[in-house]
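Engineer: take this sequence and fold it.
(4 chains)
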Amino acid sequence: MDLTWSTEEEAFRAEARSWLEANVPRDLPSGDTAEGFALHREWERTLFADRWAVVSWAEEHGGRAASLWDWLLFEEEYYRAGGPQRVTQNGIFLLAPSIYEFGTPEQRDGILPRMAAADDLWCQGWSEPNAGSDLASVASKARRVDGGWVLDGQKTWTTRGAFCTHLFGLFRTDPESARHKGLTYLLVPLDTPGVTVRGFGRLDGDEGFAEVFFEDAFLADEAVPGGVVLGEVGGGWGVAMATAGSERGLTLRSPGRFLVTAERVAGLYGRRDFTDAALRRRVADAWMKAEAYQLQTLRTVTRLAGGDKAGAEASLMKLWWSELDVELHELALDIIGADAEVEGPWSKGWQFALSGPIYAGTNEIQRNIAAERLLGLPRK
Amino acid sequence: MDLTWSTEEEAFRAEARSWLEANVPRDLPSGDTAEGFALHREWERTLFADRWAVVSWAEEHGGRAASLWDWLLFEEEYYRAGGPQRVTQNGIFLLAPSIYEFGTPEQRDGILPRMAAADDLWCQGWSEPNAGSDLASVASKARRVDGGWVLDGQKTWTTRGAFCTHLFGLFRTDPESARHKGLTYLLVPLDTPGVTVRGFGRLDGDEGFAEVFFEDAFLADEAVPGGVVLGEVGGGWGVAMATAGSERGLTLRSPGRFLVTAERVAGLYGRRDFTDAALRRRVADAWMKAEAYQLQTLRTVTRLAGGDKAGAEASLMKLWWSELDVELHELALDIIGADAEVEGPWSKGWQFALSGPIYAGTNEIQRNIAAERLLGLPRK
Amino acid sequence: MRFGWDEDQQAFQDAARDLLARACPPAVVRAAGSAEVLDRAPWDALAEMGVLAILQAEDVDGLGLDECSLVPVVLETGRAALPHPIVETALVAVPLGVGSALVASDLGGPLVACAGDADVLLLHVGGGLRTFAPDEVDFDPVPAVDRARRLARVRPKPGAAGALLTDDPAVVGLAHDRGVLGTAAQLVGLAHAMLDMTVAYVTERHQFGVSVGSFQAVKHHLADARLAIEFAGPAVARAAWSTATEAPTRARDVSMAKALATDAADVAGRAALQCHGAIGYTVEHDLHLFLKRAWALSRAWGVRAFHADRVAAALGI
Amino acid sequence: MRFGWDEDQQAFQDAARDLLARACPPAVVRAAGSAEVLDRAPWDALAEMGVLAILQAEDVDGLGLDECSLVPVVLETGRAALPHPIVETALVAVPLGVGSALVASDLGGPLVACAGDADVLLLHVGGGLRTFAPDEVDFDPVPAVDRARRLARVRPKPGAAGALLTDDPAVVGLAHDRGVLGTAAQLVGLAHAMLDMTVAYVTERHQFGVSVGSFQAVKHHLADARLAIEFAGPAVARAAWSTATEAPTRARDVSMAKALATDAADVAGRAALQCHGAIGYTVEHDLHLFLKRAWALSRAWGVRAFHADRVAAALGI
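Structural biologist: Below is the predicted model:
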């Protein structure tokens, strides 16, 4: 047990902090609207230019080959500095780990630098109108033709789909197959002829969702560098589960985000002109949970650094951060009191937080996974 | 809407109050121990002697033919006066309504007065080692022979079984049957040869449970007045469900019990030498829930008085009182603080309250019932 | 002793529900979130039906009825997520003799719903209640999560004194508690609407080859919602009766109603959103109209802790 | 940076777990609830293994190790529901130089566990810590829900002054926080034990023709228990490190550990009882031994609110 940072790590943290203090933009509008997205893209390019976009990646892909520890430090500093949401996140945090794991060298070298630079912006094409929680019932099809694939079907609830340039998703390539089999993980430029995207509003008012329609869309094998199939044809489910593990677990929700939110909630309470033992204790409880998430992450990174793979524990991480995020924002609104119904960062953040127990696999499904895979309870 | 009591009702309340003030015994030991049970039986006889044991029953059975409203008033006064648990409750609150509904006149006249007088003390024989929540998997058998039945099998978790004189329970009378069919509701004197009873301890330390073994036990048809079969042979499931409805709903848990507990919790808080906004609000919340249970009961009685039957709403009642009872006692222990681990009425009451979400059908099953029968969600 | 609405009251409630289903479908609520001018059609229909006259004395052409007649109707306006200020008008202003204009008020808090739409502003000034014409006040519009709330902060223009309705604290207190009561009723109506919508959805939606409603976790979420509603309803009904009969427990009872109604709307709203999944998380689906109203009303007319504290005070602790 | 026990620490923990499985099975816990004299066999085995010497300095024949070595072992004593006062002895008294006697103490609150069994009483008197021989104090036995706690209130006999160990508030504060830390570790161990017991039970028990563990409601109860344990564990580990390294955040960290460990034991205990059903509600089953210990330790060494308030103070609010 050694919870001290090395001199090198502290130096890295200091460098990140001073760069962020000088560069983090103030009061960016939401990145989940068309104009906000464009501004965020500029910010992502600024990050990339100084090699802060993807610190843990290889240098040739735009990173600093930083350790997971450094990545954690960077994330903590990023949120502490008030850094905005990452509109590249579905690329850099979800797709990229799967490309590192399953991609060919050509795919890695061709796709990752453009992703890090926010030249290509990736969205996730999992859900379909009839395949939400039940991802294995994907019905969108890809038919093999000479030199590529012909896509038909529909994806939906695609976050920021209306603003992105590329989509990664699951398509049924074996028309005879059912459930988890016969699915292939494809990488699809959204300007492919036959692909249309329609944005629509999320609960919080932003145009953050999209439907993506595929009508006889020809996806050429080389439409992305190194080829449009990630992993094996027919092996898409395994790749998708790795991506989903990233979404639930370590990379998408860094502890810095929640710790900073918890500290802001404490500040919100501290600035009130009343004391209330009930609210005060709730602030302490929420802060403890954010801190526990940080500690759990440290444990996980230790484990991964020792060669372990992230497993079904990712479901526990997802349960914790998603329910904590709701708790933090609800508490903030309770501190704010009667004015909580006014639009503002806390009411907006709360609405966003409410999606946490739904996306990336509902929390009901995460609890099933925890019970079955971690406790060994029978599936049926 | 008229929430006033009539002059007659107020007079009834006043009579009950003054009798209770004069007669309620102080500091009876728990009725779930052998010696406590005997003292409680004396108290039940005192109640019966002055016709307060079963106020809503017909006069010829020992009651006052009081309305359900009067019964509620009596219950409220009973708990307010500090009246002890009713060791006759499984008879008078659970079996008796089913005897009124399904029994013959001979059964009513023969069984009920002795039950009210605490001459016969009834326990419930539902659960078996392999039929807890899943009551329909009852395996204890009753075989028809000349002049009676031969019983074989085992019941368990029978509350106060070691101190009672009679048992009502479900037995499989059609050996070919499965699940809900072929069960018969039998009334069994515990001194029947071949019946043995072994008491064992509950979580709270009292000898409140018993196992009842039936080994080739001959139950004569006339072992109880009017016959040992309640309802039809093979129709036991329906009678048992009526009894279970009584257990979950109106009669077993009168609102007076929880209101008085809530007021005592408020008193406990009020006597502390500290103020704590969190605890204070929890007291208010718990009191509101107790009061809401009272109001819901008034609504239910209004409905029943109008001719309705109690339905699956009983499951909601059971969820509410059982979770409220835990909340009330937990709150009391939190007010008491570090001393809460000392044995005393609140720690004892808390342990007892923890059984509420388990017995009379676990709360998981009650939630299934509410979802399926009140909301119409599909069984599977 | 009889707990529950009588036949006339139930008939009035049923008629209001039917009327609102026609006159205030979700499209009307949605439109109220962006329209320059609030569509008064549902309001006029309710007025036509006599809802605004329920608490009006008979000698001024009112129905001369009490809160036990009005509250079930107000519950229905919650079920419909009616954007118009029915609570502020029919429950708060009318008994003060303000007549049947559309009234907005800050008695429940500084955020005034439909302020810019009102014929009359009923403001809590210096401990009393005063009415103002729209041109006597300044509006400061406030962007609300629920846009159909049409919120503003309102203050009298310099020099405008309005017309004094009352400065009797008991009358002001009664008016306040009527507002709390009506808001509680609307929250129960909203909870019903969200639960019903969700039951229909999970029954029809299939995932993993079965109806979503057959999963035990979904059943339990919705059973919890049903449970909370089941016990909040009687608290609202009792509070209506306590208000109508000037019971000494009125303040305690309306606060209890608001607290339990808030819990019911909260549990039902969470369950509804979670069981709808991503479909319910879009503005194209109607659920969000009800959710956002429930969130708003949970905090309007006193937050949860305020009402729990009032009940605690009534308990003498 | 490295989060977690090193190999030696893990090996010590594993060895302690094996030893306690043999030396302190549930029958020993059960017997401690009624025995006149506490059976010292498990205690002697732990002493033999060196557990009492972990925090003892090497120059007095101790192992000279720190809390990161001791806390994982103490967690195992929680898993076994060990009735002996290992926290008061190995964590609180030994670093104060009391040696390896069996020590009972009132530093965590007025209810002293195993008071009548102790060789030495470590009492918090006038702001300082003093040791007393058993014949220097009066015992007032207290009936506890968990009889294996063997509780008493203890006070020095008139005239008995004991031996002063320290009156330095910083030293007393450290001793107190070590007690909190150890109790937190035991609560996590208890939570593990109750969860494991319940997983085994629901897997084997069948109702409605299927394994009880296949019901989604049961899965979710137990997933919640696993979740709470998963996040309490690191909080305890960090608190051990903060204590060992004299970190300025020590008080905050041990309070956080106790609070989250209390939550974990509470969630796991409720889930265990509910999922066992009536079988777990009997004294013939072992579950109650663990449940009652968890209830007791949740309130010993500071109730949940006390620790949340300490964390709030550390947050500057």
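
Engineer: CA atoms for contacts and neighbours, from now on please.
Structural biologist: Will do.

Engineer: so what touches the helix or strand containing A:Phe12?
Structural biologist: According to DSSP states H and E, A:Phe12 maps onto helix A:7-23. For helix A:7-23, contacts defined as Cα atoms under 8 Å, 6 or more residues apart in numbering or on different chains pick out A:Trp69, A:Asp70, A:Leu73, A:Phe74, A:Glu77, A:Tyr78, A:Ala81, A:Gly83.

Engineer: filter these by proximity to chain D?
Structural biologist: A:Trp69 (Cα under 8 Å from any Cα of the partner chain).

Engineer: buried set for the helix holding A:Phe12?
Structural biologist: Across helix A:7-23, burial judged by 16 or more other Cα atoms under 10 Å in any protein chain shown covers A:Glu9, A:Phe12, A:Arg13, A:Ala16, A:Arg17, A:Trp19, A:Leu20, A:Glu21.

Engineer: now do that helix: distance to the chain's middle.
Structural biologist: Centre-to-centre, helix A:7-23 and its host chain are 24 Å apart (Cα atoms, centre = their mean, to the nearest Å).

Engineer: same question for stretch A:78-85.
Structural biologist: Stretch A:78-85 sits 15 Å away from the centroid of its parent chain (Cα atoms, centre = their mean).

Engineer: what is residue 211 paired to in the beta sheet?
Structural biologist: By default, I'm working from chain A. A:Arg198 (DSSP bridges).

Engineer: hm, I was asking about chain C
Structural biologist: Beta-bridge partners, per DSSP bridges, of C:Ser211: C:His206.

Engineer: check contacts around it.
Structural biologist: With Cα under 8 Å, 6+ apart, C:Ser211 has these contacts: B:Pro378, B:Lys380, C:Val202, C:Thr203, C:Glu204, C:Arg205.

Engineer: what is the burial count for the last one?
Structural biologist: For C:Arg205, the neighbour count with other Cα atoms under 10 Å in any protein chain shown is 14.

Engineer: hang on, isn't it packed against C:Phe215?
Structural biologist: No. Contact criterion Cα atoms under 8 Å: C:Arg205 and C:Phe215 do not qualify, at 11.7 Å.

Engineer: interface residues of the stretch 1-150 of chain A facing chain C?
Structural biologist: Contacts of the stretch 1-150 of chain A with chain C, taken as Cα under 8 Å from any Cα, map to A:Asn130, A:Ala131, A:Gly132, A:Ser133, A:Asp134, A:Ser137.

Engineer: could you redo the last one with a cut-off of 6 Å?
Structural biologist: A:Asp134 (Cα under 6 Å from any Cα of the partner chain).

Engineer: where do the helices of the chain begin and end?
Structural biologist: In the absence of a named chain, chain A is used. For chain A, applying DSSP state H gives helices covering A:7-23, A:34-49, A:68-80, A:89, A:96-102, A:105-116, A:236-248, A:255-271, A:277-305, A:313-336, A:345-353, A:363-369.

Engineer: the chain in question should be chain C.
Structural biologist: Taking DSSP H as the criterion, chain C carries its helices at C:7-23, C:26-32, C:41-49, C:67-79, C:86, C:169-204, C:216-244, C:250-276, C:287-299, C:304-314.

Engineer: quick one: closest of the ones you listed to D:Asp18.
Structural biologist: Closest approach to D:Asp18 among the helices of chain C (Cα to Cα): helix C:216-244, 38.1 Å.

Engineer: so is stretch A:276-295 next to chain C?
Structural biologist: No. Stretch A:276-295 stays out of contact with chain C when judged by Cα under 6 Å from any Cα, the minimum separation being 9.5 Å.

Engineer: lowest-confidence helix or strand of chain C?
Structural biologist: In chain C, the helix or strand scored least confidently by mean pLDDT, DSSP states H and E is strand C:206-207, which has a mean of 92.

Engineer: pLDDT score for residue 19?
Structural biologist: All of this is about chain A. In this prediction, A:Trp19 carries a pLDDT score of 98.

Engineer: think we crossed wires, I meant chain C
Structural biologist: pLDDT at C:Leu19 comes out at 98.

Engineer: OK, contacts around C:Val236?
Structural biologist: Each residue near C:Val236 by Cα atoms under 6 Å, 6 or more residues apart in numbering or on different chains is listed here: C:Ala257.

Engineer: check the gap between it and B:Met317 for me.
Structural biologist: From C:Val236 across to B:Met317, the span is 18 Å (Cα to Cα, to the nearest Å).

Engineer: next one: C:Leu107
Structural biologist: For C:Leu107 relative to B:Met317 (Cα to Cα), the value is 36 Å.

Engineer: A:Pro97 now?
Structural biologist: Taken as Cα to Cα, the span from A:Pro97 to B:Met317 is 51 Å.

Engineer: in the chain, which ranges drop under the pLDDT threshold?
Structural biologist: Picking chain A for this. A:249-252 (pLDDT under 70).

Engineer: tell me the residues of it that contact chain D?
Structural biologist: So far as Cα under 6 Å from any Cα goes, chain A lies against chain D at A:1-5, A:270, A:281, A:284, A:292, A:295, A:298-299, A:302, A:316, A:367, A:370-371, A:377-378, A:380.

Engineer: buried subset of these as a PyMOL selection?
Structural biologist: To isolate the buried members of these in PyMOL, using 16+ other Cα under 10 Å:
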select buried, chain A and resi 1+270+281+284+292+295+298+299+302+316+367+370+371+377+378
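
Engineer: name the residue most distant from the centre of chain C?
Structural biologist: Centroid-distance maximum for chain C: C:Gly209 at 39.8 Å, with Cα atoms, centre = their mean.

Engineer: measure stretch C:99-113 end to end?
Structural biologist: 19 Å.

Engineer: the residue of the stretch 151-300 of chain C found nearest chain A - how many residues pack around it?
Structural biologist: The stretch 151-300 of chain C approaches chain A most closely through C:Thr282 (4.2 Å), counting by Cα to the nearest Cα. Residues lying near C:Thr282 (other Cα under 10 Å) number 22.
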